[in-house]
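Colleague: quick one, fold the following:
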Amino acid sequence: MEISMTQKLAFGLLLFTSLVSRAALAQDEPSHPPFEFETPTALAAIAPGPNVFVNSQGWDKASAIKVYGADDLAFKGTMAAGLQAHSAISRDGQTAYYASNFQARMVRGPRTDVLTVFDIPTLSVREEIVLPTQIAQYTTNQSLTRLSADERFLFIQNSTPATSVTVVDLAASSFAVEVPTPGCFGIYPTLAGSGFSTICADGAFMSVTLDETGKTFTTSRGTPVFDPNEDPLYLTFDRYEGDLYFITYSGAIVHLSDEGGTVKLVETIPSFGADLNWAPGGYNPFTINEAHGVLFMAMKEIEEPGAHYHASSEIWAYDLKARKLLFRSQGKGLSSVFVSDAETPLLYSLSLQEDEIVLYEAIPEAQFALRRKAATTGTGFAAVIDMAPGAE
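Modeller: Numbering: from 1, shown residues only. Here you go, the predicted structure:
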């Protein structure tokens, strides 16, 4: 097809106009500095100040200890390990112990049980200690991994399903001994030295005393202190004025002494919620403030038998000395509670339903009513809150 002179002129004019327009646009565009790559960095240490620790247990993924500021729940970071992990925190708040299992195919295959020791200020791994493959694969509970009072040893609950306790020598960074505890479960360290007690199926406690090497032990057994068929104990415990305290499924308070090498009953305080048709609910549903002798219990309306782990809707404050219910504070989906021992207590609650940790201030002048201060979500499958005793 022959192109006419008019068409050639029109095409040339269009090309010239396009080039002029592009040149004008190029002159109008601002100049940009050359691209500079950023170098990622990490903080050398977490923010200073007291912390609370939440064990977010993983059953199909890594478990993690989540670290929050004690005063405001500011998130500081995580320390991760394997499946079904159980945690303990040193008295000075500088070291975390995390016992878990690693499986070759994530959730199946050959299994290795490991105690991972973390440096809390840097959230970094200090060391790993490989353990016998028998750590209890059980919903996280404060009684399943505990430090001895002198912090020389770590005690870890086993279940294969035969029950025993692994003793780890922390000074030697090695497994020390396995203590058979047939028919008994839970670990409750003595106030001094390197002993512990454990709850047995007949309602008595078995007590264990280790020698200084941690490789040799003696045991003793007390008389029953509760009726496991009529009103079982929660595994959760606390101490007040040196003595052990537990609660039953009905909400009775069981006061025990472990002085003298065996656990003995001091008294049982009847449930203060039974007449109102209320009982405790959750995984770690009670905690005691040492400064005031006030016990806080997560409570729910009584349901059918077997519902003791169901979430609670209130937190009740009870005066252990005066034997008096002080105040009922509202909550939501409560599965665990933990209170500091300070004069003005801080109380923390976990909710599996809400995936949340909440911080309250307990007000002594208002009968220990709880005032909500902060909350944050993303806690995961978490039922244990911990705080370093020396950091409160």
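
Colleague: could you give the number of residues near the residue nearest to residue 311 when sequence neighbours are not counted?
Modeller: Once flanking residues are discounted, residue 311 sits nearest to residue 333: 4.5 Å by C-beta to C-beta, 6 or more residues apart in numbering. Where you see a C-beta, it was placed from the backbone N, CA and C, and this is true even at glycine. Applying other C-beta atoms under 10 Å, we find 17 residues neighbouring residue 333.

Colleague: isn't there a strand covering residue 333?
Modeller: Yes - the assignment for residue 333 (DSSP: H, G, I helix; E, B strand; the rest coil) places it in a strand.

Colleague: just list the residues touching it, thanks.
Modeller: With contact taken as C-beta atoms under 8 Å, 6 or more residues apart in numbering, residue 333 is in contact with 311, 313, 351-354, 356.

Colleague: for the stretch 51-200 of the chain, just list every one of the strands.
Modeller: With DSSP state E, counting those that start in this stretch, the ranges of strands along the stretch 51-200 of the chain come out as 51-56, 64-69, 75-80, 83-89, 95-103, 111-119, 124-131, 145-147, 153-159, 163-169, 174-180, 184-189, 196-200.

Colleague: give the buried residues for stretch 94-101.
Modeller: Judged by neighbour count (16 or more other C-beta atoms under 10 Å), stretch 94-101 contains these buried residues: 95-101.

Colleague: distance of the nearest residue in space to residue 176 that is not next to it in sequence from residue 196?
Modeller: With sequence-adjacent residues excluded and distances taken as C-beta to C-beta, 6+ apart, residue 176 is closest to residue 214, at 3.8 Å. Distance, residue 214 to residue 196, using C-beta to C-beta, to the nearest Å: 12 Å.

Colleague: more neighbours: which of the two?
Modeller: Neighbour totals were compared for residue 214 and residue 196, and residue 196 leads with 28 against 22 (other C-beta under 10 Å).

Colleague: and that one, bridged to which residues?
Modeller: residue 189, residue 208 (DSSP bridges).

Colleague: tell me the contacts of it?
Modeller: 146, 148, 155, 165, 187-190, 207-208.

Colleague: also residue 184?
Modeller: Residue 184 neighbours (C-beta under 8 Å, 6+ apart): 163, 198-201, 205-206.

Colleague: what's the answer for residue 280, then?
Modeller: Residue 280 makes contact with 234, 247, 249, 251, 273, 286, 297-300, 308, 312 under the criterion C-beta under 8 Å, 6+ apart.

Colleague: re earlier: mind picking the two most distant members of the contacts of residue 184?
Modeller: By the measure C-beta to C-beta, 163 and 205 form the most distant pair in the contacts of residue 184, at 13.7 Å.

Colleague: these two - which one has more neighbours?
Modeller: residue 205 (27 against 21).

Colleague: quick check: the gap between that one and residue 328.
Modeller: From residue 205 to residue 328 the distance is 32 Å (C-beta to C-beta).

Colleague: ok, residue 292 next?
Modeller: Where residue 328 is concerned, residue 292 sits at a distance of 17 Å (C-beta to C-beta).

Colleague: those two: who's more crowded?
Modeller: Shown here are residue 292 and residue 328; by other C-beta under 10 Å, residue 292 has more neighbours (21 against 17).

Colleague: now residue 34: which helix or strand?
Modeller: Assigned by DSSP states H and E, residue 34 falls within no helix or strand.

Colleague: please renumber so the chain begins at 337
Modeller: Let's use 337 as the start, then, which means that last one is residue 370.

Colleague: surely the residue nearest to residue 512 is in contact with residue 530?
Modeller: Yes - with contact defined as C-beta atoms under 8 Å, residue 550 reaches residue 530; the gap is 6.8 Å.

Colleague: so what sits against both of those two?
Modeller: Common contacts of residue 550 and residue 530 (C-beta under 8 Å, 6+ apart): 488-489.

Colleague: filter the contacts of residue 616 down to the ones in helices?
Modeller: Among these, DSSP state H puts none in helices.

Colleague: just the buried ones from those, in ChimeraX syntax?
Modeller: Filtering the contacts of residue 616 down to the buried ones (16+ other C-beta under 10 Å) takes a single ChimeraX command:
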select :570,583,585,587,609,622,633,634,635,636,644,648
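
Colleague: ok so, going back, TSV for the strands of the stretch 387-536 of the chain, including distance to residue 682?
Modeller: Output for the strands of the stretch 387-536 of the chain, formatted as TSV (distance: least, C-beta to C-beta, whole Å):
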stretch	distance to residue 682
strand 387-392	9
strand 400-405	11
strand 411-416	16
strand 419-425	16
strand 431-439	20
strand 447-455	24
strand 460-467	27
strand 481-483	22
strand 489-495	27
strand 499-505	31
strand 510-516	35
strand 520-525	24
strand 532-536	28
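
Colleague: so for residue 716, which of the ones you listed sits nearest?
Modeller: strand 387-392 (3.7 Å).

Colleague: what comes into contact with that closest one?
Modeller: Against strand 387-392 from outside (C-beta under 8 Å, 6+ apart): 399-406, 409, 412, 414, 421-423, 425, 429, 432, 456, 476, 674, 684, 686, 693, 715-724, 727.

Colleague: can I get stretch 677-685 in PDB, CA atoms only?
Modeller: Below are the C-alpha coordinates for stretch 677-685, written out as PDB (Å, rounded to 0.1, in the frame of the first residue of the first chain):
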ATOM      1  CA  ASP A 677       3.300 -10.800  96.400                       C
ATOM      2  CA  ALA A 678       3.500  -7.000  96.600                       C
ATOM      3  CA  GLU A 679       1.700  -4.700  99.000                       C
ATOM      4  CA  THR A 680      -0.300  -3.400  96.000                       C
ATOM      5  CA  PRO A 681      -0.800  -6.700  94.200                       C
ATOM      6  CA  LEU A 682      -0.800  -7.100  90.400                       C
ATOM      7  CA  LEU A 683      -2.900  -9.900  89.200                       C
ATOM      8  CA  TYR A 684      -2.700 -11.600  85.800                       C
ATOM      9  CA  SER A 685      -5.300 -13.800  84.100                       C
END
